[in-house]
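Visitor: I would like the atomic coordinates for the input below:
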Amino acid sequence: MLEWVDSEDEVIQLAQPACYLLLPRLEEVPLEVLRQRESKWLEMLNSWDKWMAKKHKKIRLRCQKGIPPSLRGRAWQYLSGGKVKLERNPQKFDELDAAAGDPKWLDVIERDLHRQFPFHEMFVSRGGHGQQDLFRVLKAYTLYRPEEGYCQAQAPVAAVLLMHMPAEQAFWCLVQICEKYLPGYYSEKLEAIQLDGEILFSLLHRVSPVAHKHLSRQKIDPILYMTEWFMCAFSRTLPWSSVLRVWDMFFCEGVKIIFRVGLVLLKHTLGSSEKLKSCQGQYETMEQLRALNPKIMQEAFLVQEIIELPVTERHIEREHLLQLKKWRETRGELQCKSPPRFHGAKAISDAEPYSRKDLEPSPSIILPAGAVLSPGGRKGKPPKGGKPRDRRKGSLANGPIPEENGTPTLLDSESADLRQSKESLCSRESEDTYL
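Guide: All right, here's what the predicted structure looks like:
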């Protein structure tokens, strides 16, 4: 028998032979533990307002351990506030989706679609449902924030969201990332990302003086190596399992997680004289940062380093004020005024209080008009005087599409069969299918 000790002091007995210890498994959570975590997350999500108000530290701990894959999309929506945004703007995405869009952005978006995770089954085919939904989400954002338009770094971020939720939910999560977590990152002048580059470099002096001194000596500006890291939230840098764990913590704790990841990578790439032997010049240093050692990006190692790194919101905000003062002294005022940054789910929920109604899931099954569900689970006869029900239109396959976070729609029977067979992950399906 093996014992798996969960970090909440629960020991679970696992019926596994001793040779199990010798198998080279990569961060595989035992099924019993995963089911237990799913149960805990369901309990939290069903009483989210209470947990966020009184037990936020427990939410943070569970995000650090990793959100169960089956609930990750729903959890990201609740953490980011995207769920509340959607409920308070129920028809907004449909309006933006139906609008024509600005041609100057549409052409750029269209050219970028095939570059996003080209080997993932959602995005592998040109014109497939994944690329179509990605286009819809990015186009909708250009209409929602025309002053910002489209930035290429938004595409991989939106793609990761679409792997976990339908298009409408992904859109509102993208809005929250752009407005609350990383404000100003995708504006035309990229001033916010430049400012955060200086903050990162200053924090590096505390975390790894050796790496800081080397980059200073080589005159390598932070913008050269951290832009893609931060703007894409490491979605194009880390192994996939590490990306998901980083995003779990990012949605809960905010941008400090992005800073910590960057600092960990720099520290373990350039943080000792031994490591610097292969980085004698500027070119060699940049090549080292482009081809990071897989060991330091491995899920278990990276997550533990992130959790233990003593860089807090207070450190980041204090450094932000210092770097902003330097910016004004050398370059003048910022041309793009960004809204204030929110450090994670708790800050967002405190700033934008929501009611229990905002978090209520929509019914997963809605019967057609006139249908009655008998106690035995079978549909009863229509009321007297009513017309006989058309079997074709009343069947479950051609009836309402279950959608937890949106309004179920009745589809024409023939078109419904076509769409459901060809687009197994279309934006109108229930989020529970996005595992």
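Visitor: all helices for the stretch 101-250 of the chain, in order.
Guide: Ranges of helices in the stretch 101-250 of the chain, per DSSP state H, counting those that start in this stretch, are 103-112, 129-144, 154-162, 167-176, 191-207, 209-217, 223-231, 240-253.
Visitor: of the ones you listed, which approaches residue 322 most closely?
Guide: Evaluated with CB to CB, the helices of the stretch 101-250 of the chain place helix 191-207 nearest to residue 322, the distance being 7.3 Å. C-beta coordinates here come from the backbone N, C-alpha and C atoms, glycine included.
Visitor: Can you list the helices and strands that that closest one packs against?
Guide: helix 209-217, helix 223-231, helix 256-270, helix 313-331 (3 or more CB pairs under 8 Å, 6 or more residues apart in numbering; DSSP states H and E).
Visitor: any idea which of those is most buried?
Guide: Of all these, helix 256-270 carries the top mean neighbour count, a mean of 24, counting by mean count of other CB atoms under 10 Å.
Visitor: Off-centre distance for that one?
Guide: 19 Å (CA atoms, centre = their mean, to the nearest Å).
Visitor: need the contact list for the closest residue to residue 302 other than its chain neighbours.
Guide: Closest residue to residue 302 apart from its sequence neighbours, by CB to CB, 6 or more residues apart in numbering: residue 242 at 5.4 Å. Residue 242 is in contact with 234, 297, 298, 299, 302, 303, counting by CB atoms under 8 Å, 6 or more residues apart in numbering.
Visitor: Could you list the low-pLDDT ranges of the stretch 1-150 of the chain?
Guide: Across the stretch 1-150 of the chain, the ranges flagged by pLDDT under 70 are 1-27.
Visitor: quick one, strands of it?
Guide: Using DSSP state E, counting those that start in this stretch, the strands found in the stretch 1-150 of the chain span residues 2-6, 10-14.
Visitor: Mean pLDDT for the helices and strands packed on helix 191-207 - can I get that in CSV?
Guide: Output for those, formatted as CSV (pLDDT from 0 to 100):
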stretch, mean pLDDT
helix 209-217, 94
helix 223-231, 95
helix 256-270, 96
helix 313-331, 92
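Visitor: which stretch among the ones you listed comes nearest residue 113?
Guide: helix 223-231 (18.0 Å).
Visitor: any idea of the angle that closest one forms with helix 154-162?
Guide: Between helix 223-231 and helix 154-162, the angle comes out at 30 degrees (axes from the mean of the first three to the mean of the last three CA atoms, to 10 degrees).
Visitor: returning to what we had before: so which of the helices and strands packed on helix 191-207 comes closest to residue 137?
Guide: Short answer: helix 223-231, nearest of the helices and strands packed on helix 191-207 by CB to CB, at 16.7 Å.
Visitor: Check which helices and strands the closest one is in contact with.
Guide: Partner elements for helix 223-231 (3+ CB pairs under 8 Å, 6+ apart): helix 191-207, helix 256-270, helix 282-290.
Visitor: May I have stretch 172-189 exported as CSV, CA atoms only?
Guide: Output of stretch 172-189 as CSV, limited to C-alpha atoms (Å, rounded to 0.1, in the frame of the first residue of the first chain):
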residue,chain,number,x,y,z
TRP,A,172,-14.8,37.6,-20.7
CYS,A,173,-11.7,35.9,-19.1
LEU,A,174,-9.6,37.6,-21.7
VAL,A,175,-11.2,41.0,-20.8
GLN,A,176,-10.3,40.4,-17.2
ILE,A,177,-6.7,39.5,-18.0
CYS,A,178,-6.3,42.6,-20.2
GLU,A,179,-8.1,45.0,-17.8
LYS,A,180,-7.4,43.6,-14.3
TYR,A,181,-4.4,41.3,-14.3
LEU,A,182,-2.1,42.9,-17.0
PRO,A,183,-3.5,46.4,-17.7
GLY,A,184,-1.7,48.3,-20.4
TYR,A,185,0.3,45.2,-21.6
TYR,A,186,-1.4,45.2,-25.0
SER,A,187,-1.7,48.9,-25.7
GLU,A,188,0.1,50.4,-28.7
LYS,A,189,3.2,51.8,-27.0
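Visitor: quick one: average confidence on that stretch?
Guide: Average pLDDT, stretch 172-189: 93.
Visitor: buried set for that stretch?
Guide: 172-187 (16 or more other CB atoms under 10 Å).
Visitor: which among the residues you listed gets closest to residue 128?
Guide: Among the buried residues of stretch 172-189, residue 174 lies closest to residue 128 (CB to CB), at 19.8 Å.
Visitor: Distance-wise, check that closest one relative to residue 186.
Guide: According to CB to CB, to the nearest Å, residue 174 stands 10 Å off from residue 186.
Visitor: next one: residue 32
Guide: 42 Å.
Visitor: ok, now residue 79?
Guide: Distance from residue 79 to residue 186, by CB to CB: 20 Å.
Visitor: As CSV, the helices and strands packed on helix 223-231 with distance to residue 160 would be great.
Guide: Listed next are the helices and strands packed on helix 223-231 as CSV, based on distance: least, CB to CB, whole Å:
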stretch, distance to residue 160
helix 191-207, 19
helix 256-270, 14
helix 282-290, 21
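Visitor: mind checking which of those is nearest residue 225?
Guide: Comparing these by CB to CB, helix 282-290 comes nearest, at 4.6 Å.
Visitor: Quick check: buried residues in the closest one?
Guide: Quick answer for helix 282-290 (16+ other CB under 10 Å): 285, 288, 289.
Visitor: Quick check: the second one touching residue 269?
Guide: Yes. Under the criterion of CB atoms under 8 Å, residue 288 makes contact with residue 269 at 5.9 Å.
Visitor: picking that back up, where do the contact lists of residue 174 and residue 186 overlap?
Guide: residue 154.
Visitor: Give me the neighbour count for residue 193.
Guide: 22 (other CB atoms under 10 Å).
Visitor: excluding its backbone neighbours, what's nearest residue 247?
Guide: Residue 247's closest residue in space is residue 233 (CB to CB, 6+ apart), at 6.6 Å.
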